[in-house]
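**Q** My questions concern the predicted model and sequence given below.
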Amino acid sequence: MRVKIWGARGSVPSPGPETVRYGGNTSCVQVTLSDGTLLALDAGTGIRSMGLGLAEPARPVHILLTHLHMDHIQGLMFFGPAFDPTSEIVIWGPEAPDASLRDRIARYISAPLSPVEVRELPCHVSFNEAPHSEWKIGPATIRAASVTHRGPTLGYRITEGDVSLCYIPDHEPALGADLRDDGPEWISGFELARGATVLMHDGQYTSDEYSRRVGWGHSRLADALAFGRRVGAKRLVVFHHDPLHSDDFLDALQGDAVERWADLGGEPTSLEFAVERRELSVDRLPRSAASASATPEPRPARGGGAARGGGGSAPSRESSRSP
Amino acid sequence: MSARQRPVELILARSLLATLSTPGFLVDEDGIVVFFNDAASVLLGVRYEEVGRMGPEEWGTAFGPLDESGREIPLEELPLTIALRHGRPSHARLRIRSTQGVHNDIEAAAVPILTVQGTRGAMVFFWKVDEA
């Protein structure tokens, strides 16, 4: 399984000289399975560049949307294959009680926001609410699960052979849960991410920023690290960078995160911040590295421990070290 | 390794209850009490951490629920059971008994937790009648 990040910025595209290294495009990750099957995780503005790079637009492209916030669908209207009558696009996304996935996406791809309607797209496009159980796309098994964010939101796990990529770009698991002490069944996304070879996870805020944005649906970096360690992810890619975080700021944040990750028992080389256009190979880790990634499971209080809002009181070292 | 992953709606409901001063219970789709808050523990005389999960038959009798004449109310007539089994809100006045034997007359209002996958649990809020 090969992965290419086309956009890792959260909330709104943030182009400019201060974001040129980590990138300013919003969420989109290309996954190429062993047989060439193509997936796009989310359709933020990064999917425009992904479309430009595709050599064979005729083969199906499966777009797995985590949710329909603008920064995750804005690129749909600018995805080249959508305007190619020989191409096939299969869109998957969260179910909602008010309208079908197609109708909800059509709220964006319609007037006055768009000059083109969904029914006018030249490609062959279909819409599927993500099943409640696992399903197959090419040689991969896909699992979707609802996670804590504003509105219906999914995380995805793509498993091929014995490796797995878990993608939860917008997630606030510390909302109402203690990531260290609560029983795993009470931690949003735990089962989805457990033991993933690569976990791409929301780490948008510093602790200082998070204190003013609790409940907005995103994680502070400290919680992303705690979640990654708790689920035993072999490798953590911090994703959904805040639009106000410059390259220099993210460099400093990453340096601190690596130290904190090591303090939590993680391998320093198994943590990185998502960088636009970076390619990753999702491979099985050597046995020694894999065992170093295992996190002992703390024993929960009887009944799973008591929930408390706010996500505990992890120290905010990263904010004191950041520019 | 662990109990099954709870639906995110139940996780958030538990978080809400944990922060409220309104007494409240949370049950999962099987009717198992998976949480009650500190405000409820004042009326019940015991903290959730002390009793842990309780099945429907257990919680349906442990705290009494009695009618005004002191008759035990059948499980299927309790607001929480109605919310869970029929997917609609339910309200009742009833009497509960704490673990110390103290009786409190309460009003109970139960609401189902409906998701795109159907009913995944229910919450019940209750008030002492003299506070209602």
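**A** Alright, I've got the coordinates. Numbers count the residues shown, from 1 in each chain, chains lettered A, B, ... in the order given.

**Q** can I assume residue A:142 sits in a strand?
**A** Yes. Counting by DSSP: H, G, I helix; E, B strand; the rest coil, one finds residue A:142 located in a strand.

**Q** Any idea what it is bridged to?
**A** Using DSSP bridges, the beta-bridge partners of residue A:142 come out as residue A:135, residue A:158.

**Q** Does it touch residue A:157 like I think?
**A** Yes. Proximity of residue A:142 to residue A:157 meets the contact threshold set by CB atoms under 8 Å, at 7.3 Å. For glycine as for every other residue, the C-beta is placed from the backbone atoms N, C-alpha and C.

**Q** And these two? Which one has more around it.
**A** Each of residue A:142 and residue A:157 had its neighbours counted (other CB atoms under 10 Å in any protein chain shown), and the higher figure belongs to residue A:157 (23 against 19).

**Q** now for the helix or strand containing residue A:105, which elements pack on it?
**A** For residue A:105, the enclosing helix or strand under DSSP states H and E is helix A:101-106. Helices and strands touching helix A:101-106, as assessed by 3 or more CB pairs under 8 Å, 6 or more residues apart in numbering or on different chains; DSSP states H and E, comprise strand A:88-93, strand A:124-129.

**Q** Show me the shaky parts of the chain.
**A** Answering for chain A, as no chain was given. In the prediction, chain A carries residues with pLDDT under 70 at positions A:57-58, A:285-323.

**Q** Let me rephrase: I mean chain B.
**A** Going by pLDDT under 70, which is the cut-off in play, chain B has low-confidence ranges at B:1-2, B:60, B:131-132.

**Q** What parts of it come near chain A?
**A** Of all the residues in chain B, those in contact range of chain A (CB under 8 Å from any CB of the partner chain) are B:1-9, B:11-12, B:14-19, B:34-35, B:48-53, B:115-117.

**Q** among these, which ones are buried?
**A** Buried members of these, counted by 16 or more other CB atoms under 10 Å in any protein chain shown: B:5-9, B:11-12, B:14-18, B:34-35, B:48, B:51, B:53, B:115.

**Q** In helices only, show me those.
**A** Residues from those lying in helices, with DSSP state H as the criterion: B:8, B:9, B:11, B:12, B:14, B:15, B:16, B:17, B:18, B:48, B:51.

**Q** from the residues you listed, which single one is nearest chain A?
**A** Distance from chain A was checked for each of those by CB to the nearest CB. The minimum falls on residue B:15, at 2.2 Å.

**Q** Can you tell me the closest non-neighbouring residue to that closest one?
**A** Ranked by CB to CB, 6 or more residues apart in numbering or on different chains and with sequence neighbours excluded, the top spatial neighbour of residue B:15 is residue A:176, at 2.2 Å.

**Q** Could you measure from the one you found over to residue B:18?
**A** Noted for residue A:176: a distance of 7 Å to residue B:18, by CB to CB, to the nearest Å.

**Q** Please apply the same query to residue A:130.
**A** Plainly put, residue A:130 is 29 Å away from residue B:18 if you go by CB to CB.

**Q** ok, the residue nearest to residue B:15 to residue A:233 distance?
**A** With the distance defined as CB to CB, residue A:176 ends up 22 Å from residue A:233.

**Q** now residue B:47
**A** 34 Å.

**Q** so what secondary structure elements neighbour the strand ranked longest in chain B?
**A** With residue count as the measure and DSSP state E as the assignment, chain B has strand B:103-115 as its longest strand. In this structure, strand B:103-115 makes packing contacts with helix B:8-19, helix B:79-86, strand B:90-97, strand B:118-128, judged by 3+ CB pairs under 8 Å, 6+ apart.

**Q** Just the CA atoms of that strand, as CSV, please.
**A** Presented in CSV, the C-alpha positions along strand B:103-115 are these (Å, rounded to 0.1, in the frame of the first residue of the first chain):
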residue,chain,number,x,y,z
HIS,B,103,-37.2,6.6,49.7
ASN,B,104,-37.4,9.6,47.3
ASP,B,105,-40.4,10.5,45.1
ILE,B,106,-39.1,11.5,41.7
GLU,B,107,-40.2,12.4,38.2
ALA,B,108,-38.3,10.5,35.6
ALA,B,109,-38.0,11.5,31.9
ALA,B,110,-36.3,9.0,29.5
VAL,B,111,-35.2,9.6,25.9
PRO,B,112,-33.9,7.1,23.5
ILE,B,113,-30.5,7.6,21.8
LEU,B,114,-31.4,7.2,18.2
THR,B,115,-28.6,7.0,15.6
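
**Q** what about the strands in chain A?
**A** Assigned by DSSP E, the strands in chain A fall at A:2-7, A:28-32, A:38-41, A:61-64, A:88-93, A:124-129, A:135-137, A:140-146, A:154-160, A:163-168, A:198-202, A:236-239, A:271-273, A:279-281.

**Q** so which of these comes closest to residue A:185?
**A** Between residue A:185 and those, the shortest gap by CB to CB is with strand A:140-146, which sits at 12.5 Å.

**Q** Show me what counts as buried in the closest one.
**A** The neighbour-count check on strand A:140-146 (16+ other CB under 10 Å) flags A:140, A:142, A:143, A:144, A:145, A:146 as buried.

**Q** Off-centre distance for it?
**A** With CA atoms, centre = their mean, to the nearest Å as the basis, the distance from the averaged C-alpha position of strand A:140-146 to the chain average is 13 Å.

**Q** Between strand A:28-32 and it, find me the angle.
**A** The directions of strand A:140-146 and strand A:28-32 differ by 150 degrees, with axes from the mean of the first three to the mean of the last three CA atoms, to 10 degrees as the criterion.

**Q** can you list contacts of strand A:140-146?
**A** Contacts with strand A:140-146, where a contact means CB atoms under 8 Å, 6 or more residues apart in numbering or on different chains, come from A:1, A:33, A:37, A:39, A:64, A:92, A:94, A:130-131, A:134-136, A:152-160, A:189, A:191-192, B:5, B:7-9, B:115.

**Q** how about a cut-off of 6 Å?
**A** Surrounding strand A:140-146, the residues in contact under the criterion CB atoms under 6 Å, 6 or more residues apart in numbering or on different chains are A:33, A:130, A:134-135, A:154-160, A:192, B:8.

**Q** ok, now stretch B:111-126?
**A** Counting by CB under 6 Å, 6+ apart, A:95, A:132, B:7, B:9-10, B:13, B:22-29, B:79-80, B:83-84, B:87, B:89, B:106, B:108-110 sit against stretch B:111-126.
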